[in-house]
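# just need the structure, nothing else, for what follows:
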Amino acid sequence: MLTDLDPRAAAYVNLNAILGTIPELVARVPEARDIVARDPRATSLGFAVRGGPRAVLAFKDGQVQLVPDRAAATIVLPFAGPDAFNKVIAGTAQPVPVSGFHRIGFLLHVFAPLTELLTRYLRPSEEDSADPEFVATSTILTLYVACAAVAQLANEDRSGRYSAAHMPDGDVAVEAGDDLALTLRVRDHHMTFVPQASPDPRAGMRFESLDLAGKVLSGQASAMACVCAGTLAMRGTLSMVDNVSRILDRAGQYLGE
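As a prediction, the model looks like this:
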């Protein structure tokens, strides 16, 4: 089994899956919207990783949107390479903007607090875990990150690309009870994360409940045991589900770092 992590693939996960979940955080968490309201001006934050991903987080009218494969923005944060970017995400280095110096306050008072809040939801404390509403939102955001990471690794990680190479075109639905429906779309062995239900999935995996999805993602429950118990159902072209599951295991290695 491949266990080494590719820094370049990790950068794609960090930018498009982890930071890419900030729009959903803002949409679902009032505290996040309050943070965004500290600076109501339209602002875009661009990330440009040499030899790696590029994307913009666009803030406007209290909402946030991720724009992939673009770096022109109000504030541009360049990185010498994937390792440099990954260190910033890990909190062991600080980004240095090359434009938008007059908006440094946005980085300090909006972006940084949002990333701290996102970390709190993705790695909840015991106190937060005692709040059912917090846990539900935490699970939803974790599923977003996990599915987005699967798509990134299907395209950028050697093991992930191998699995994607064996997948036909079509949508794989990822569902958690009646609370959440996401899509992993495959076209020409390239995968895209679509944060909404698929109109016509070719395959699907459905957790019995959001609570069960959270337990599987946190390692409190075994996915295989859930399949045997019938609480994690699979349908359609099962080879697609099998390969998504393989990439999801790989995503766990990246996200566990």
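# distance of the nearest residue to residue 141 once chain neighbours are set aside from residue 59?
Counting by Cβ to Cβ, 6 or more residues apart in numbering, residue 121 is the residue found nearest to residue 141 once chain neighbours are left out, at 5.1 Å. Heads up, the C-betas are built off the backbone N, CA and C, glycines and all. Distance, residue 121 to residue 59, by Cβ to Cβ, to the nearest Å: 19 Å.
# ok so, going back, shouldn't the residue nearest to residue 141 be in contact with residue 138?
Yes. Counting by Cβ atoms under 8 Å, residue 121 does reach residue 138; the two are 4.8 Å apart.
# strands of the protein, start to end?
43-49, 54-60, 63-68, 75-79, 170-176, 180-187, 190-194, 203-207, 232-236 (DSSP state E).
# tell me which of these lies nearest to residue 20.
strand 63-68 (4.7 Å; Cβ to Cβ).
# adjacent strands (with direction) for the closest one?
Sheet pairing for strand 63-68, assigned by DSSP bridges, gives strand 54-60 (antiparallel).
# okay, angle between the strand it pairs with and strand 43-49 too, please.
170 degrees (axes from the mean of the first three to the mean of the last three Cα atoms, to 10 degrees).
# list the buried residues of strand 54-60.
Of all the residues in strand 54-60, those buried under the rule 16 or more other Cβ atoms under 10 Å are 54, 55, 56, 57, 58, 59.
# just give the nearest non-adjacent residue to the last one, would you?
The reference is to residue 59. In space, residue 59 is closest to residue 43, 4.7 Å off (Cβ to Cβ, 6+ apart).
# I'd assumed residue 103 was in contact with that neighbour.
Yes. Between residue 43 and residue 103 there is a contact at 6.4 Å, judged by Cβ under 8 Å.
# what's the overlap in contacts for these two?
Counting by Cβ atoms under 8 Å, 6 or more residues apart in numbering, the contacts common to residue 43 and residue 103 are 74, 75.
# who has more neighbours, these two?
Between residue 43 and residue 103, counted using other Cβ atoms under 10 Å, the more crowded position is residue 43 (21 against 18).
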